[in-house]
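Chemist: sequence first, then the predicted structure, then my questions.
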Amino acid sequence: METTAFLTRLKQAFTGAATAEPLPEPDEKLALGALMVRVALSDKVYHLTEISEIDHLLGQFYGLKPVEAAKMRATCEKLAKQAPGSDDFAHMIRETVSEDSRIAALEAMWKVAMADGKRTPEELEVMEHARVDLGLSAEQCASARVAAKGH
């Protein structure tokens, strides 16, 4: 039995194949993280500044230490890659948190979008879809953007 496990690990090391751990069922926290990752990836470039901002925000929102926030972001990256669309994550947040928390989520997404110092049409499109899916108005989105800029 031990020999089989060793051979399996050895084969995985040489082939690069690993047994992937199943991802956790998304909740509103992971959904927000996945949305922030999607915003960061929308322009096809994942800047270190965006990664750092996501880690910072996850730590701030959920009281996580830096390593815990980075691990959570890594899980969110996997969820964002495997999930079909951002609207599922936004709907999960919309259905489970207050309007103030949804505005805070949108503000966090704006902070990530602004982290690299560039605005792209793809980022703006993701942000607009998120706003609608979160059930927020254009005015609330504009206020969240201004608040994100101010921090």
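Modeler: Received, thanks. Because the structure is a prediction, the values reported are computed rather than measured.
Chemist: excluding chain neighbours, what is closest to residue 128?
Modeler: Counting by Cβ to Cβ, 6 or more residues apart in numbering, residue 128 lies nearest to residue 141, which is 7.8 Å off, once chain neighbours are set aside. Using the backbone N, CA and C atoms, a C-beta is placed for each residue, glycine as well.
Chemist: quick check: pLDDT value at the one you found.
Modeler: The pLDDT attached to residue 141 in the predicted structure is 95.
Chemist: one more: residue 21?
Modeler: 64.
Chemist: immediately after the helix or strand of the chain with the lowest mean pLDDT, which helix or strand?
Modeler: Lowest by mean pLDDT, DSSP states H and E among the helices and strands of the chain is helix 2-15, with a mean of 54. For helix 2-15, the succeeding helix or strand toward the C-terminus, using DSSP states H and E, is helix 28-41.
Chemist: other SSEs contacting that next one?
Modeler: On a contact count with 3 or more Cβ pairs under 8 Å, 6 or more residues apart in numbering; DSSP states H and E, helix 28-41 meets helix 48-62, helix 66-82, helix 86-96, helix 99-114, helix 121-133.
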